[in-house]
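> kindly generate the corresponding structure for this input.
(chains A and B)
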Amino acid sequence: MESLNQLMQQRREKLEKIRALGINPYPPKFDRTHTSRQIKDNFEALEEKEVAVAGRIMSNRRMGKAAFFHIQDMEGRIQIYVKKDEVGEKTFELYKLLDIGDIVGIRGLVFKTRTGEISVFAKELQLLAKSLRPLPIVKEKEVDGKKIVYDPFSDKELRYRQRYVDLIVNPEVKEVFIKRSKIITAMRNFLNQKGYLEVETPILQPIYGGASARPFVTYHNALDMKLYLRIANELYLKRLITGGFEGVYEFGKDFRNEGMDRFHNPEFTQMELYVAYQDYYWMMELTEEMISTVAQEVLGSMKIIYQGQEIDLTPPWRRLPLLESIKEFTGIEVDNLDDAALKDAAEKLGLVIEDNWGRAKIIDEIFGEFVEPKLVQPTFIIDYPLEMSPLSKIHRNNPRLVERFEPIIAGKEIGNAYSELNDPLDQRERFMQQMQLRAKGDEEAQVIDEDFLRALEYGMPPTAGLGIGIDRLTMLLTDSPSIRDVILFPHMRPEKREEEHEIDWE
RNA sequence: GGGCCCGUAGCUCAGCCGGUAGAGCAGCGGCCUUUUAAGCCGUUGGUCGCAGGUUCGAUUCCUGCCGGGCUCACCA
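Below is the predicted model:
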């Protein structure tokens, strides 16, 4: 237990004084009639009427025998006016023992102050929860309609570790997560309207698959076996297409045991959708329709600003084959070059190419370095090299390519899709190639999944599949520079080692 | 993993080339019954991230560690 500093000590003393007044500092409930927003939006109708509001004290201006303070509820803040003559001696004593951060309920009359602020004139004041820790104090002032914030609570480490404080003190943070929720709801509604079925598939998997990534490993005691946290939903969802569902989707957490940065959190949310009898061209249309619809519903516009760049999500989006995109941005015509010449060309661009890299890896490198960052407006990069895509169908016009696309927006991929490979013999081949890569030390190569192959052998219809990174999409639609700004509790190292709290596994 | 930067009061920060710390807000006490970054007067509060080293003396210099940020690498 950390020792109490002066401020926390004082609050505990106040708590005892409140108890001594015969007041329960943690009563069971409060009957609220209005939120702050409802009062502000309906002032004319509510003026001089009695309301009951509740929230956290966020500012306090005391003037002898009267005081103004703001309380904050889910929808905003409203000012409260307390006057000793009005609330009485005892309640005013209670008021004097309150702190910023305490949760209170007020019953009183709606009025407007001399300076024009809609407020509640307290007739009754009730403590609903005493706060024992001091909040950061953020003050703000409006000048010419612009909000100036003084001493913002800005330490990123504290904000991420104590998100509850961040949410209390920084209202725009709450907005981001409200939008995140609306994005997911809008997407779910879109998919439901199309008639697709939302399903749930295992997170704990005996064999992981569906992406190239290193997994987290866990252990089931009763079964005495290793399990993996899923890296993708893909293989289970395709089993369901085999099973006869013709459109299934899942919003799910995936887990990848890799580095962390501005665009990667070890656990992240993905929406995966599989639709029978369709191909990747069809899926491109669905994707642009879905993303633009979500933006329209959540933001009221298909035009967004991301980190200062204006982006127009209105369909149709540009479709650009991968190799053409490389030609466009670097002049390199990959198809005219043999392996050695391609390596030379890449090195001339300044890339460091390892000797054991194949063509696909070099192409991917050139794309990632010279093309992707330049694709600000939404673009479907289509038709990837076969070797990079063990789960997608070979291109109908070119056996060295697959029918795959990635939607790129603001220089970053936000998803991945293909005409799903449903030829079980070809799929087995591709798995075998992956196993060879794995034998050569590629820890991210995919693992053969015999049960998935068995499902394909029963026959899976032609299918289009799509994955959309919900975190990345949310970054885009909330103009957030880091994935940690759109995840409520981003992964952090433990604050300190507290031996006494270590969990004792058997 | 590499590079750069940061860690000082509850919060936001200052502290030059070494002499064991300061501001604003918050808090506490006083005045103030329509204030709003309320105001005025007074005042408390710090193992200067942790551990070593150099030194008569370290918040300051050096090393290591811990935590974080940015970035590069890796990575769908």
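
> hang on, A:Glu443 in a strand?
No. Under DSSP: H, G, I helix; E, B strand; the rest coil, A:Glu443 falls outside any strand and is assigned coil.

> phi and psi next, for it.
Here is the backbone geometry of A:Glu443 (degrees, to the nearest 10): phi -70, psi -10.

> and the pLDDT for it?
As predicted, A:Glu443 sits at a pLDDT of 81.

> then A:Thr293?
pLDDT, A:Thr293: 98.

> before we move on, what about A:Leu351?
80.

> could you look up the SS state of it?
Assignment for A:Leu351 (three-state DSSP): coil.

> correct me, but it touches A:Asp364?
No. With contact defined as C-beta atoms under 8 Å, A:Leu351 and A:Asp364 do not form a contacting pair (10.9 Å). Quick note: C-beta positions are derived from backbone N, CA and C, even for glycine.

> quick one: which of those two has more around it?
The residue with more neighbours, out of A:Leu351 and A:Asp364, is A:Asp364; 18 against 15, by other C-beta atoms under 10 Å.

> host element of A:Asp426?
helix A:424-439 (DSSP states H and E).

> output the contacting helices and strands for that helix.
Helices and strands touching helix A:424-439, by 3 or more C-beta pairs under 8 Å, 6 or more residues apart in numbering; DSSP states H and E, are helix A:450-458.

> what angle sits between the helix it packs on and helix A:424-439?
160 degrees (axes from the mean of the first three to the mean of the last three C-alpha atoms, to 10 degrees).

> which positions in helix A:450-458 come out as buried?
Of all the residues in helix A:450-458, those buried under the rule 16 or more other C-beta atoms under 10 Å are A:Phe452, A:Ala455, A:Leu456.

> following it, which helix or strand shows up next?
Next element after helix A:450-458 (DSSP H and E): strand A:463-469.

> give me the buried positions along that following strand.
In strand A:463-469, counting by 16+ other C-beta under 10 Å, buried: A:Thr463, A:Ala464, A:Gly465, A:Leu466, A:Gly467, A:Ile468, A:Gly469.

> which positions in the stretch 351-500 of chain A make contact with RNA strand B?
Contact residues (C-beta under 7 Å from any atom of the strand) of the stretch 351-500 of chain A with RNA strand B: A:364-365, A:367-369, A:384, A:388-389, A:406, A:413, A:416, A:444, A:481-482, A:484, A:492-496.

> do the stretch 201-350 of chain A as well
Looking at RNA strand B, the residues of the stretch 201-350 of chain A close enough under C-beta under 7 Å from any atom of the strand are A:Ala211, A:Ser212, A:Ala213, A:Arg256, A:Glu258, A:Gly259, A:Asp261, A:Arg262, A:His264.

> just the CA trace of the helix holding A:Asp426, in PDB.
Provided in PDB are the C-alpha atoms of helix A:424-439 (Å, rounded to 0.1, in the frame of the first residue of the first chain):
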ATOM      1  CA  PRO A 424      -8.500 -28.200 -51.300                       C
ATOM      2  CA  LEU A 425      -5.500 -29.700 -53.200                       C
ATOM      3  CA  ASP A 426      -4.100 -26.300 -54.100                       C
ATOM      4  CA  GLN A 427      -4.600 -25.200 -50.500                       C
ATOM      5  CA  ARG A 428      -2.700 -28.300 -49.300                       C
ATOM      6  CA  GLU A 429       0.100 -27.400 -51.700                       C
ATOM      7  CA  ARG A 430       0.300 -23.800 -50.300                       C
ATOM      8  CA  PHE A 431       0.300 -25.000 -46.800                       C
ATOM      9  CA  MET A 432       3.200 -27.300 -47.600                       C
ATOM     10  CA  GLN A 433       5.100 -24.400 -49.100                       C
ATOM     11  CA  GLN A 434       4.500 -22.400 -45.900                       C
ATOM     12  CA  MET A 435       5.800 -25.400 -43.800                       C
ATOM     13  CA  GLN A 436       9.000 -25.300 -45.900                       C
ATOM     14  CA  LEU A 437       9.400 -21.600 -45.200                       C
ATOM     15  CA  ARG A 438       8.900 -22.400 -41.500                       C
ATOM     16  CA  ALA A 439      11.500 -25.100 -41.700                       C
END
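
> gap between it and the chain center?
33 Å (C-alpha atoms, centre = their mean, to the nearest Å).

> what about that helix, average pLDDT?
Mean predicted lDDT for helix A:424-439 stands at 92.

> check which element follows the strand or helix carrying A:Glu324 along the chain.
Element membership for A:Glu324 (DSSP H and E) is helix A:322-330. Sequence order places helix A:339-348 as the next helix or strand after helix A:322-330, per DSSP H and E.

> check contacts around the residue lying farthest from the centre of chain A.
Of all residues in chain A, A:Asp85 has its C-alpha farthest from the mean position, at 49.6 Å, by C-alpha atoms, centre = their mean. A:Asp85 sits next to A:Lys65 when contact means C-beta atoms under 8 Å, 6 or more residues apart in numbering.

> can you name the residue of the stretch 251-400 of chain A nearest RNA strand B?
As assessed by C-beta to the nearest atom of the strand, RNA strand B sits closest to A:Gly259 within the stretch 251-400 of chain A, at 3.5 Å.
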